[in-house]
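1. only geometry, no sequence info:
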């Protein structure tokens, strides 16, 4: 039988996910506070039931769907996700699961309590390249992983320069329920600089570049090494951003140092670069002359990737699911493959073996009654780290000490205050 879906949030990402579901399932109901998004969704699904409020959809159409896909702005991820699980629905929620660490933890708690299939929407986790990379790391082919450099040249809205515009009285687009769009977040009057697709650059609604790209770029190394979270985080930004004057806007460029204390006693350092800091990603000495690393933005283009430094080999990969992963130089990769044990290199995951896609895995997990490849219980580790990076951006120059068990920064009450959101009156997340 076909798995039936309801979708909460059918803006650009939501409609893209509907296309991704394709013939794997059937979307029977959608909810969005913006009638423009509903209208565009009807062009894809003329017969779909539509709602302005997901709660009404859950109430009136709940018996018609098995799973819920949540593709709202970050500040609206937690509530519909938890409430769907409480109804016994399987849930696919877009990265980075939620806007705050506390909400991510609550999603993981609910997933464990309700025994439903869950999946975070970082599609690269199902790429064959992701399995290849994790296989190489776990089999020790790169040696001890000592340092990782990641980057994304994709720029968010320059929200800091738009802050003065927020004082202008703007007309709310016809039919848009702005109060409901803001939902549990800190209230601000409507501005065209907030939406559609601009909210990620604003601290009340999004998680900045780390939330946008962290779950793609950090996920392979988290999965390969079984990481759960950093112990120390330090952010560096370019001059000009003020934490009081510009508190609503994320900085435009950042370099974040994540330090992980490993069971071996060593410390793994992961360096995040976005914006202008991408130009400062070191070029690996092993990279062949004439080959581009890909860390510099070209007009009208963007790039993202990582360099992984092991004690035996250096490896680079691309934006999603360690795509295009290869040891540099090419000669070293050929030698690594040649010298690998037969039982290692004969395994299906060793060399870019075909896999089903992310939605295919989610649907198959529902049908088989198994966990997906990227359930909340493990996806939460990288999602939480991405959100911690967003907190560090707002405390630049401070080496934040993170106590994961206590869910607090031991040396910053101001940073700890950002771990849990202050929901507006009328909204509460109860697990």
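-> Nice, thanks for sending it over. The shown structure was predicted, so the numbers you read here are calculated from the model rather than taken from an experiment. Numbering: from 1, shown residues only.

2. my guess is residue 77 contacts residue 70, does it?
-> Yes: between residue 77 and residue 70 there is a contact under C-beta atoms under 8 Å: 5.8 Å. C-beta: built from backbone N, CA, C; applies to glycine.

3. anything in contact with each of these two?
-> 93-94 (C-beta atoms under 8 Å, 6 or more residues apart in numbering).

4. didn't residue 17 look like it was pressed against residue 67?
-> No: Residue 17 lies out of contact with residue 67 (C-beta under 8 Å); the separation is 11.7 Å.

5. so what sits against both of those two?
-> Common neighbours of residue 17 and residue 67 (criterion: C-beta under 8 Å, 6+ apart): residue 92.

6. what's the distance between residue 148 and residue 307?
-> 7 Å (C-beta to C-beta, to the nearest Å).

7. Residues contacting the host helix or strand of residue 43, please?
-> When secondary structure is defined by DSSP states H and E, residue 43 falls within helix 35-44. Helix 35-44 is contacted from outside by 9-11, 14-15, 18-19, 30, 32, 48, 50, 52, 173-176, 196, using C-beta under 8 Å, 6+ apart.

8. same thing with stretch 193-206?
-> Against stretch 193-206 from outside (C-beta under 8 Å, 6+ apart): 11-12, 34, 36-37, 73-75, 99, 156-159, 162, 165-166, 181, 185-186, 188, 207-208, 211-212, 247-250, 390, 394.

9. Are any of those residues buried, and if so which?
-> Buried members of the contacts of stretch 193-206, scored by 16 or more other C-beta atoms under 10 Å, are 11, 34, 37, 73-75, 99, 156-157, 159, 162, 166, 181, 185, 207-208, 211-212, 248-250, 390, 394.

10. In strands, which of the residues you listed appear?
-> Taking DSSP state E, every one of the buried ones among the contacts of stretch 193-206 sits outside strands.

11. The residues you listed in helices, which ones?
-> 37, 159, 162, 181, 208, 211-212, 390 (DSSP state H).

12. separation between residue 309 and residue 214?
-> Counting by C-beta to C-beta - residue 309 and residue 214 are separated by 19 Å.

13. Which of these two has more residues huddled nearby?
-> Neighbours around residue 309 and residue 214, counted as other C-beta atoms under 10 Å, are more numerous at residue 214. The numbers are 31 against 19.

14. Next one: the more buried one from residue 240, what distance?
-> Taking C-beta to C-beta, one finds residue 214 at 23 Å from residue 240.

15. now residue 317
-> Taking C-beta to C-beta, one finds residue 317 at 32 Å from residue 240.

16. ok, the two, which is more surrounded?
-> Between residue 317 and residue 240, counted using other C-beta under 10 Å, the more crowded position is residue 317 (25 against 11).

17. Would you list the phi and psi of residue 274?
-> Backbone geometry at residue 274, expressed as degrees, to the nearest 10, gives phi -140, psi 170.

18. Apart from its chain neighbours, what residue comes closest to it?
-> Using C-beta to C-beta, 6 or more residues apart in numbering and skipping the chain neighbours, the partner closest in space to residue 274 is residue 209 (4.2 Å).

19. wait, doesn't that neighbour sit right on residue 275?
-> Yes: counting by C-beta under 8 Å, residue 209 touches residue 275, with 7.4 Å between them.

20. any shared contact partners between the two?
-> residue 254.

21. Pick out whichever of these two has more residues nearby.
-> residue 209 (28 against 22).

22. Would you confirm that residue 82 belongs to a helix?
-> Yes: counting by DSSP: H, G, I helix; E, B strand; the rest coil, residue 82 is found in a helix.

23. for the stretch 201-350 of the chain, what spans make up the strands?
-> Along the stretch 201-350 of the chain, counting by DSSP state E, counting those that start in this stretch, strands occupy 232-237, 254-261, 267-274, 304-310, 314-317, 326-328.

24. Now that we have those strands, can you turn them into CSV and tack on mean pLDDT and distance to residue 291?
-> As requested, these are exported to CSV (pLDDT from 0 to 100; distance: least, C-beta to C-beta, whole Å):
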stretch, mean pLDDT, distance to residue 291
strand 232-237, 98, 28
strand 254-261, 98, 24
strand 267-274, 98, 19
strand 304-310, 97, 12
strand 314-317, 97, 9
strand 326-328, 95, 8
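
25. Please tabulate the ones you listed in TSV, including the columns distance to residue 107.
-> TSV is the format used below for the strands of the stretch 201-350 of the chain (distance: least, C-beta to C-beta, whole Å):
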stretch	distance to residue 107
strand 232-237	21
strand 254-261	21
strand 267-274	23
strand 304-310	25
strand 314-317	27
strand 326-328	35
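
26. between those strands, which one is nearest to residue 133?
-> Of all these, it is strand 314-317 that lies closest to residue 133, at 6.3 Å by C-beta to C-beta.

27. name the helices or strands packed onto that closest one?
-> helix 128-138, strand 304-310, strand 326-328 (3 or more C-beta pairs under 8 Å, 6 or more residues apart in numbering; DSSP states H and E).
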